[in-house]
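Enquirer: what follows is a predicted protein model with its sequence.
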Amino acid sequence: MRALVSGGTSGIGAATCLRIAEAALARGEQPMIAVCGNESNSSQEQVVRSIQSLGGTAIALAGDLGDPEVPSKLVAAAVAEFGGLDALVANAGIASPGAICDVSIEDWDDMFSVNLRGAWLLAKASHPHLRDSRGSACFTSSMSGQLPHAGSGAYSPSKAALTMLAQTLALEWAPDGIRVNVVSPGMTHTRMTEKMYEDPQIKKAREDIIPLSRIGDPKDIANVIEFLVGPLSGYVTGQDICVDGGFSKSILSHIPGRPSSKS
């Protein structure tokens, strides 16, 4: 399994790198993982070492996905090292909360350049290699891409667009034998949410509205991503799987009272 994972240095991306490596080894395959990050740092080095300690191959690649020249360079470097590509995980994303009318043009463009354009350019550069391997791609969107999230600035619109991008690619790439799917995390412990969950009141308030009564772990999301890029999902494409402990399906449960024809 030769995979490139953007945003692979921490949180969901790091957990995905390790999960893909573990699953490949369990199948008797040699995992080759390109751990991509915005910049080289100790977290990225730790992910690479962890994969290597499992018996896999890993390389560290760095670059700002907001720069349109970077995505193709990351893909080219991974392909040069591994001799091809079996899976793309477009996971990198940024967030900046705020009311839509308060978002600056600069913040709007930054959000869309990383969350959407960066993923599109990664996919575009990966396409010939995934076609050769009849591989797969998974895009990390968000439940905020499925449901409007007031106060999330450009995040919710950018993730909705990312989901549609992936599902369009699923149809366009299906004749090439390439599967494309989306995972939409719900409330999850990540570097972006770390500070927020240090507030016990916010953490408990969020846990109280999740049917499974806990905040998601990056491994919860990584398990689904690995399934979607792995061989067990060979007949699955164009899907958007929400991994949120049941939250997004529980909206009606919060409505007080229940109608009855017997009253």
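Expert: Thanks, I have it.

Enquirer: for residue 32, give me its contacts.
Expert: Contact analysis of residue 32 by CB atoms under 8 Å, 6 or more residues apart in numbering lists 1-3, 56-58, 81-82. (C-beta placed from N, C-alpha, C; glycine too.)

Enquirer: make TSV from the residues you listed and add distance to residue 41, neighbour count and pLDDT to it.
Expert: Below are the contacts of residue 32 laid out as TSV (distance: CB to CB, whole Å; neighbours: other CB atoms under 10 Å; pLDDT from 0 to 100):
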residue	distance to residue 41	neighbour count	pLDDT
1	25	24	97
2	24	23	98
3	20	29	98
56	20	22	97
57	20	16	98
58	15	25	98
81	20	14	97
82	22	20	98
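
Enquirer: ok, these vs residue 213, which is closest?
Expert: Top of the list for closeness to residue 213, among the contacts of residue 32 and by CB to CB, is residue 3 at 32.7 Å.

Enquirer: for that closest one, which non-adjacent residue is closest in space?
Expert: For residue 3, the nearest residue in space outside its immediate sequence neighbours is residue 87; the separation is 4.1 Å by CB to CB, 6 or more residues apart in numbering.

Enquirer: now the phi/psi pair for the one you found, please.
Expert: Backbone dihedrals for residue 87, given as degrees, to the nearest 10, come out at phi -150, psi 140.

Enquirer: could you list everything residue 180 pairs with in the sheet?
Expert: Per DSSP bridges, residues listed as beta-bridge partners of residue 180: residue 137.

Enquirer: my read is that it contacts residue 167, right?
Expert: Yes: the criterion here is CB atoms under 8 Å, and residue 180 meets it with residue 167 at 7.5 Å.

Enquirer: who's more crowded, these two?
Expert: Here residue 180 and residue 167 are compared on neighbour count by other CB atoms under 10 Å; more neighbours surround residue 180, at 28 against 18.

Enquirer: need the contact list for the more buried one.
Expert: With contact set as CB under 8 Å, 6+ apart, residue 180 has these partners: 123, 136-139, 166-167, 169-170, 173, 237-238.

Enquirer: where do the helices sit along the stretch 1-150 of the chain?
Expert: Shown for the stretch 1-150 of the chain, the helices assigned by DSSP state H, counting those that start in this stretch span residues 11-26, 42-54, 70-82, 105-112, 119-133.

Enquirer: just to revisit the earlier point, which neighbours do residue 180 and residue 167 have in common?
Expert: The contact sets of residue 180 and residue 167 overlap at residue 238 (CB under 8 Å, 6+ apart).

Enquirer: low-confidence ranges in the stretch 101-250 of the chain?
Expert: When residues are selected by pLDDT under 70, none of them lie in the stretch 101-250 of the chain.

Enquirer: tell me how far the residue nearest to residue 3 lies from residue 29.
Expert: In this structure, residue 87 lies at 12 Å from residue 29, with CB to CB, to the nearest Å as the measure.

Enquirer: compare the two (neighbour count), which wins?
Expert: Set side by side, residue 87 and residue 29 give different neighbour counts by other CB under 10 Å, the larger being at residue 87 (26 against 15).

Enquirer: let me see the ranges of the strands in the stretch 151-263 of the chain.
Expert: If DSSP state E, counting those that start in this stretch is used as the criterion, the strands of the stretch 151-263 of the chain fall at 179-185, 240-243.

Enquirer: so can I have JSON lines of those strands showing distance to residue 152?
Expert: Converted to JSON lines, the strands of the stretch 151-263 of the chain look like this (distance: least, CB to CB, whole Å):
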{"stretch": "strand 179-185", "distance to residue 152": "14"}
{"stretch": "strand 240-243", "distance to residue 152": "16"}
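
Enquirer: and residue 184, what does it touch?
Expert: Listed by CB under 8 Å, 6+ apart, the contact set of residue 184 reads 141-143, 145-146, 159, 163, 240-244.
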